[in-house]
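Engineer: Give me a model of this one.
(one chain, ligands or ions: 2)
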Amino acid sequence: MKQDAEKIVKEIDEKIEGEMESRKAKLTIAVDKKIKDNYKKFCEEPDLKVVIFGTGNYGAMALHALRNMGQKVDYFCDNNKHNWGKHWKDCKIISPDELRKYPDAIVIIASLHFQYMRKQLNEMGISRIYDCDFLIYDLDLTKVEAFAPTGRLSAMRDLYMYSIHAKKNLLKIKTLDVVVTEKCSLRCLNCSNLMQYYKKPKDCSLKLLLDSLDKFMQNIDELYEARILGGEPFIYKELPSVVEKLASYDNCSKIIIFTNGTIVPQEDMIDCLRDKNVIVMISDYGEVSRNKGSLIKLLEDKQIPFVLEKIDTWQDCAKIKYRERSKDELKQIFGNCCVFDVLTLLHGKLYRCPFAAHTENLDAIPTRENIDLMKDVNLRDGIHKISSYKDFIQACNYCNGRDFNVGGVKAAEQLPAGSV
Ligand code: SF4
Ligand code: SF4
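Structural biologist: Numbering: from 1, shown residues only. Ligands and ions are numbered 1, 2, ... in the order given. Sure thing, here's the model as predicted:
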């Protein structure tokens, strides 16, 4: 084992020497330096339990990497109570309570919720905690059997690497949802962006959208990914101007457009997607995504990168009601939420998450936790505050939560015509 570690450390040393140019290379080097320490320690502890904390796509990547290295994995651990006691990939899934029995275990956090999970493990008295970056950063994802397709896994890994290595003194934002319209070509009963509650859906004013984007981008150091969505973004006639604007920022790395596969855009709209930083994410809801075939053909013809993701179930997270949760329950809901750090821009205001954005915009909850990018002052401080790690936001008390504990619903089930 130790020989393996030394060999890997040597390989890494050689690799570091060769890479100094791009941001990605710098990121890789940061990871490589960390891997040396991590891996050395790892190999010195052969008799202890090895546990992967997280059973999602990152868990699948971490397991694959460890097994490739000939490393045993004893358990998965998960905050999702529905998984406790089950087996996944020949490993038992234990609860955090059961994990307490192994205070000396090596626990590898495989989740974007690493901050929350680290805190959780510390509070449980577990100290041998590792992030999974050193396992997955150069993993061949084509061999990983996970929930998402390879293209999506690759985007997820990039996002993870970005998040985990964000420098604390800089204002780096992982994800910004840019909502361009409340209108959609589908009427999904359980839309997590709450489109089903809009009685008179409207487009966002282009001027307000572009001006507020400017304000946001001028006040942060870097945005990893801007996700353009609606509703359905291809309904929004001004989409090219929004894409062009986002592509003009040097501090925005990626632009992702989420579409439901019902609309094949016109020529001018498709041409705007030919920026090297743009990727189209097509949610495949089966027959409901009625034009996905034509859309895919068009994207292929135009050589625009895209990922097709088959989605059968969603989390049951679209109901708005007051939940009377205690502080501890709110912390848990927030800490496990899959969009707890997805800042959302809607009609010139910035929100901590999509649920907060739409419930406030719909006037469906009494609380207000937004930044008005066109009116508020000290925007950098405000953005820092709204995006920083915290225990929960007030909107969490009206939300079912967005993690796998909330149960699933059929994806894209359509409301009958005429219903609201
Ligand atoms: S396709 Fe469905 S889930 Fe997506 S935005 Fe439209 S209504 Fe919501
Ligand atoms: S309100 Fe809280 S639990 Fe709901 S989506 Fe937002 S951060 Fe997540």
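
Engineer: my guess is residue 407 contacts residue 314, does it?
Structural biologist: No. Judged on Cβ atoms under 8 Å, residue 407 makes no contact with residue 314 at a distance of 10.1 Å. Glycine gets a C-beta too; all of them are placed from N, C-alpha and C.

Engineer: neighbour-wise, which of those two wins?
Structural biologist: residue 314 (21 against 11; other Cβ atoms under 10 Å).

Engineer: what sits opposite the more buried one in the beta ladder?
Structural biologist: Note on residue 314: beta-bridge partners by DSSP bridges are residue 409.

Engineer: I'd say it and residue 193 touch.
Structural biologist: No. Counting by Cβ under 8 Å, residue 314 sits too far from residue 193 to count as a contact (11.0 Å).

Engineer: list the contacts for residue 312?
Structural biologist: Residues in contact with residue 312 (Cβ atoms under 8 Å, 6 or more residues apart in numbering) are 286, 410, 411.

Engineer: Give me the buried entries from those residues.
Structural biologist: Burial by neighbour count, 16 or more other Cβ atoms under 10 Å: within the contacts of residue 312 this picks out residue 411.

Engineer: From the contacts of residue 312, pick the one nearest ligand 2.
Structural biologist: residue 411 (17.3 Å; Cβ to the nearest ligand atom).

Engineer: What's the separation between the closest one and residue 191?
Structural biologist: Distance of residue 411 to residue 191, given as Cβ to Cβ, to the nearest Å: 10 Å.

Engineer: Kindly report the same for residue 342.
Structural biologist: In terms of Cβ to Cβ, residue 342 sits 15 Å off from residue 191.

Engineer: what's in contact with the helix or strand hosting residue 58?
Structural biologist: Here residue 58, judged by DSSP states H and E, is contained in helix 57-68. Outside helix 57-68, the residues that touch it by Cβ under 8 Å, 6+ apart are 50, 52-54, 72-73, 76, 88-89, 91, 108, 110-112, 132, 135-136, 139, 141, 143-148, 152-153, 156-157, 160.

Engineer: Give me the number of neighbouring residues for residue 201.
Structural biologist: Neighbours of residue 201 under the rule other Cβ under 10 Å: 14.

Engineer: ok, the closest residue to it other than its chain neighbours - how many residues close by?
Structural biologist: Excluding its sequence neighbours, the residue lying closest to residue 201 (Cβ to Cβ, 6 or more residues apart in numbering) is residue 182, at 3.7 Å. When counting by other Cβ under 10 Å, one arrives at 23 neighbours for residue 182.

Engineer: Check what pLDDT residue 182 gets.
Structural biologist: Per-residue confidence (pLDDT) for residue 182: 98.

Engineer: how far does stretch 121-138 sit from the chain's center?
Structural biologist: Taking Cα atoms, centre = their mean, to the nearest Å, one finds the center of stretch 121-138 at 19 Å from the center of the full chain.

Engineer: any idea which element the nearest residue to residue 308 once chain neighbours are set aside lies in?
Structural biologist: Distances taken as Cβ to Cβ, 6+ apart place residue 282 nearest to residue 308, at 4.8 Å, with adjacent residues excluded. Residue 282 is part of strand 278-284 when elements are defined by DSSP H and E.

Engineer: ok, now residue 330?
Structural biologist: helix 327-336.

Engineer: Just the CA trace of that helix, in PDB.
Structural biologist: Extracted in PDB, the C-alpha atoms of helix 327-336 (Å, rounded to 0.1, in the frame of the first residue of the first chain):
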ATOM      1  CA  LYS A 327     -34.400  25.300  14.300                       C
ATOM      2  CA  ASP A 328     -32.700  21.900  14.300                       C
ATOM      3  CA  GLU A 329     -35.200  20.600  11.700                       C
ATOM      4  CA  LEU A 330     -34.600  23.700   9.600                       C
ATOM      5  CA  LYS A 331     -30.900  23.200   9.700                       C
ATOM      6  CA  GLN A 332     -31.300  19.600   8.500                       C
ATOM      7  CA  ILE A 333     -33.600  20.500   5.700                       C
ATOM      8  CA  PHE A 334     -31.300  23.300   4.500                       C
ATOM      9  CA  GLY A 335     -28.100  21.300   5.000                       C
ATOM     10  CA  ASN A 336     -29.400  18.400   2.900                       C
END
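
Engineer: Output the contacting helices and strands for the helix or strand following it.
Structural biologist: Remark: after helix 327-336, the chain's next helix or strand is strand 342-346, criterion DSSP H and E. Judged by 3 or more Cβ pairs under 8 Å, 6 or more residues apart in numbering; DSSP states H and E, the packing partners of strand 342-346 are strand 172-179, helix 206-218, strand 349-351, helix 354-361.

Engineer: out of these, nearest to residue 371?
Structural biologist: Across the helices and strands packed on strand 342-346, residue 371 has its closest neighbour in strand 349-351 (4.4 Å, Cβ to Cβ).
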